[in-house]
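*Asks:* sequence and predicted model, in that order:
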Amino acid sequence: MIDASAALRQGLLGLSRSKAVRQVIEKAPVSRDVVRRFVAGDGTADCVQAVADLVGDGRLATIDFLGEDTLDVAQASRTRDAYLTLLQELQARELTASGAAEVSVKLSAVGQALPQDGEKIALDNARQICEAAATAGTTVTIDMEDHTTTDSTLGIVRDLRADFPWVGAVLQAYLHRTEADCRDLATEGSRIRLCKGAYKEPESVAFQESHDVDASYVRCLKVLLEGDGYPMIASHDPRLIEIARSLADKQLRAPESFEYQMLFGIRPDEQRRIAAAGNQMRVYVPYGDEWYGYLMRRMAERPANTMFFLRALATKG
Ligand SMILES: Cc1cc2nc3c(=O)[nH]c(=O)nc-3n(C[C@H](O)[C@H](O)[C@H](O)COP(=O)(O)OP(=O)(O)OC[C@H]3O[C@@H](n4cnc5c(N)ncnc54)[C@H](O)[C@@H]3O)c2cc1C
């Protein structure tokens, strides 16, 4: 049985890939106001300033140039170039020193979904981004998208790690396979972001109920925190953060041997509290004008976010 909030979530995630709804939402006058809460701005300068503010405040950042599911080679190249420019600007502002600001890349934005040679194009583009990150003295994390891309994405991460062992991978606790993937990847130096997972997935591959996803998250946390890798605990969930903290204590993990991660604009006071307590707290900072899919996933996660959107719509009338 699926409850009302799960049904709302599934509905919104379905809409996140609808072209018709996308056109309406992008044109709605209210959308920009809502977007500003979750997205650091349209251009590189806005984003770099937001990152400078976070780093000045004791937090770390990972930056996502928004865009996904590209079916155009030129667009994939433009996305790669945006990352190259961003990394130069971050370095010029001394924000990449000791990895304070790194980047997060969606492979579908740099060509993975292209019908011809998609994986090869995505790997080439990601490799160039990794080279630029190495020059700037920082790292790259490869975001995880829907389950049809998991094997391809982990394969590309493996290829990139041959030259750039610091490339981070993302695992999603809602997938049945993830506990086993955690065991495979919890090796020396391996940077792994653990999140719940943000896409609409079928029962055949993913847990559907939130308590099952949370239980899987805890099992995966145990594997990662007991392992030799570098876990990146990406969640806003107070219960899971507390469990992570106590598991890390139990393993006598030094604060620099793992980090917490949250999204830009979500629970900022908690982000500051975690950083002030001596932990590494990294904020995922999206920017750019391709915000539709990202915004819809944030709506799906939390009815309060959807209410915020609807209220803003009503006020604008
Ligand atoms: C840094 C980062 C990177 C990510 N990368 C990926 C990725 O590559 N692939 C992917 O599929 N997903 C990614 N995600 C998204 C992730 O999978 C989840 O969809 C998202 O984080 C919501 O899950 P949650 O763990 O925060 O818990 P939720 O189940 O959404 O929330 C749990 C609890 O957290 C608290 N909470 C949540 N939001 C708020 C809020 N706005 N205000 C106050 N309290 C709140 C509430 O107590 C809530 O009950 C990423 C998330 C983060 C933080």
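*Replies:* The structure has been received and is ready for your questions. The shown structure was predicted, so the numbers you read here are calculated from the model rather than taken from an experiment. Numbers count the residues shown, from 1 in each chain.
*Asks:* start to end distance for stretch 196-210?
*Replies:* With C-alpha to C-alpha, to the nearest Å as the measure, stretch 196-210 spans 9 Å from end to end.
*Asks:* do the same with stretch 15-31
*Replies:* For stretch 15-31, the end-to-end distance is 15 Å (C-alpha to C-alpha).
*Asks:* same question, stretch 167-176
*Replies:* First residue to last in stretch 167-176 (C-alpha to C-alpha) measures 24 Å.
*Asks:* and that stretch, what's buried?
*Replies:* For stretch 167-176, the neighbour count (16 or more other C-beta atoms under 10 Å) marks Val167, Gly168, Ala169, Val170, Leu171, Gln172, Ala173, Tyr174, Leu175 as buried. To be clear about C-beta, it is placed using only N, CA and C from the backbone, and glycine gets the same treatment.
*Asks:* can you tell if that stretch touches the ligand?
*Replies:* Yes - judged by C-beta under 6 Å from any ligand atom, stretch 167-176 comes into contact with the ligand at Val170, Gln172.
*Asks:* give me the contacts around that stretch.
*Replies:* With contacts defined as C-beta atoms under 8 Å, 6 or more residues apart in numbering, stretch 167-176 is touched by 102, 130, 139-144, 147, 150, 153-154, 157, 160-161, 178, 181-182, 185, 190-198, 201, 205-207, 213-214, 216-217, 220, 232, 234.
*Asks:* quick check: of the buried residues of stretch 167-176, which lies closest to the ligand?
*Replies:* Of all the buried residues of stretch 167-176, the ligand sits closest to Val170, with 4.0 Å by C-beta to the nearest ligand atom.
*Asks:* part of a strand, is the closest one?
*Replies:* Yes - assigned with DSSP: H, G, I helix; E, B strand; the rest coil, Val170 falls within a strand.
*Asks:* what number of residues lie near the residue nearest to it when sequence neighbours are not counted?
*Replies:* Of all residues not flanking Val170 in the chain, Met144 sits nearest, at 3.9 Å (C-beta to C-beta, 6 or more residues apart in numbering). Met144: 24 surrounding residues under other C-beta atoms under 10 Å.
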